[in-house]
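Asks: give the three-dimensional model of this entry:
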Amino acid sequence: MSTEWTLLNRTKSLALLLALLLGMGQSFAQPAASGTTEVLNVGSSAIDVVISGVKPDLSHDALLAYVGDAAHAVSHYYDMFPVGRAQLQIVVVPGRAGVLQGTTWGDRDGFPAVTRLRIGQHTSKDDLRTDWKLTHEFVHTAVPSLPDDQHWLEEGIATYVEPIARYQSGFLTKKQVWWGMVDGMPHGEPESSDLGLDNTHTWGRTYWGGALFCMIADIRIRQQTKNVLGLQDALAAVVHAHGSIADEWPIERVLAVADKKTGTTVLEDLYTSWRATPVKIDLAGLWSQLGVSDSPEGVLFDDAAPLASVRDTILHP
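Replies: Numbers count the residues shown, from 1 in each chain. The predicted structure follows:
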């Protein structure tokens, strides 16, 4: 894999760690943004985009196009934007470049979902084109607010779904998605002191442990449904059952609604096994089964691998 993409993915991991640290203070409300407001329609939903701070180098049209790309990627994945109305507060920070950090809250300031995104004044179109953070934050709107012990599922879904949604909308390649999985999933494996996902709130287990849970669930759903249905169908069913970040659901309800859609008990069974017990996955063996391998030339795919068809339908449901 190229050095450029390796560095990008490591930067993503560091950004997820920063988001976890900043997220510890999410219960302390931030003041509502004030500034230029535009309304972006996404299907039957609307996003109020409020741009405040210093004047960015980019035009407002460029920023709105970037917001639209992320919103439409999430809408495509779930068959709808997860909430009927949302507010996005873009705060432009002087002297910086790039998309710096995002946070999303549910049921705030009269909106079902509010996202606050900090970007640098000198952010370029290329910075926006390669950004994953806004898509990650919009995925959060599709998951009901869970108790603190299950925060890993909220972050795990956002971490797992974001690259798939961006691939399905043309913003990532197949190789980039699977390289991100190969590079990131080892961070989600339990360490010696692990007490299961509900009881181990480290960065690795919160983000990548949750993502690993999602990937294993996706594969098992596809195996049990003869590759007809997957996690994408299950998660979309939660949104269509009016489950969003504006609502507080117990994790059992989320998993039950999702499993009902696929006619399996994969998610409920996996949660029972992983919630209080550290479960290690033979990732090397799994990549071999999926037909995914790393090489100096990048990720290679073996279409004769036992789970190659599952690998491909995860991206092409």
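Asks: not counting sequence-adjacent ones, nearest residue to the most centrally placed residue in the chain?
Replies: In the chain, the centroid-proximal residue (C-alpha atoms, centre = their mean) is Ala158; its distance is 1.9 Å. Leaving aside its chain neighbours, Ala158 sits nearest to Val139 (4.3 Å; criterion: C-beta to C-beta, 6 or more residues apart in numbering). In this view, the C-beta of every residue, glycine as well, is placed from N, C-alpha and C.
Asks: so the one you found sits in a helix?
Replies: Yes: counting by DSSP: H, G, I helix; E, B strand; the rest coil, Val139 is found in a helix.
Asks: got a list of what it touches?
Replies: By C-beta atoms under 8 Å, 6 or more residues apart in numbering, the contact set of Val139 is 74, 77, 157-158, 161-162, 165.
Asks: buried ones among these?
Replies: For those, a neighbour count by 16 or more other C-beta atoms under 10 Å gives the buried set as 74, 77, 157-158, 161-162, 165.
Asks: between these, which sits nearest Ala113?
Replies: Using C-beta to C-beta, Val74 is the member of the buried ones among the contacts of Val139 that lies nearest Ala113, at 11.2 Å.
Asks: where's the closest one, which helix or strand?
Replies: Using DSSP states H and E, Val74 falls within helix 60-78.
Asks: how about low-confidence regions in the stretch 1-150 of the chain?
Replies: Scanning the stretch 1-150 of the chain for pLDDT under 70 picks out the ranges 1-34.
Asks: show me where it has strands.
Replies: Taking DSSP state E, counting those that start in this stretch as the criterion, the stretch 1-150 of the chain carries its strands at 36-42, 45-53, 85-93, 99-108, 111-120.
Asks: quick one: list the elements packing against the third one.
Replies: When you say that, I think you mean strand 85-93. strand 45-53, helix 60-78, strand 111-120 (3 or more C-beta pairs under 8 Å, 6 or more residues apart in numbering; DSSP states H and E).
Asks: tell me which of the strands of the stretch 1-150 of the chain lies nearest to Gly210.
Replies: It's strand 99-108; of the strands of the stretch 1-150 of the chain, that one is closest to Gly210 (C-beta to C-beta) at 15.6 Å.
Asks: so how far is that closest one from its chain's centroid?
Replies: Its chain's C-alpha centre and that of strand 99-108 lie 13 Å apart, by C-alpha atoms, centre = their mean, to the nearest Å.
Asks: what is the orientation angle of that strand with strand 111-120?
Replies: Here the directions of strand 99-108 and strand 111-120 differ by 170 degrees (axes from the mean of the first three to the mean of the last three C-alpha atoms, to 10 degrees).
Asks: partners of strand 99-108, with directions?
Replies: Strand 99-108 has its sheet partners listed here by DSSP bridges as strand 111-120 (antiparallel).
Asks: what are the buried residues along the partner strand?
Replies: Using 16+ other C-beta under 10 Å as the test for burial, strand 111-120 gives 111-120.
Asks: give me the pLDDT for Ser293.
Replies: Ser293 is assigned 96 on the pLDDT scale.
Asks: how about Ile216?
Replies: Reported pLDDT for Ile216: 98.
Asks: quick one: contacts for it?
Replies: The contact partners of Ile216, taken as C-beta under 8 Å, 6+ apart, are 270, 281.
Asks: that one and Thr225, how far apart?
Replies: Distance, Ile216 to Thr225, using C-beta to C-beta, to the nearest Å: 15 Å.
Asks: Gly106 and Gly243 touch, don't they?
Replies: No: under the criterion of C-beta atoms under 8 Å, Gly106 is not in contact with Gly243, lying 11.0 Å apart.
Asks: could you look up the SS state of Leu267?
Replies: Secondary structure, three-state DSSP: Leu267 is helix.
Asks: residues near the residue nearest to it when sequence neighbours are not counted, how many?
Replies: In space, and not counting its chain neighbours, Leu267 is closest to Leu255: 4.3 Å by C-beta to C-beta, 6+ apart. For Leu255, the number of neighbouring residues by other C-beta atoms under 10 Å comes to 24.
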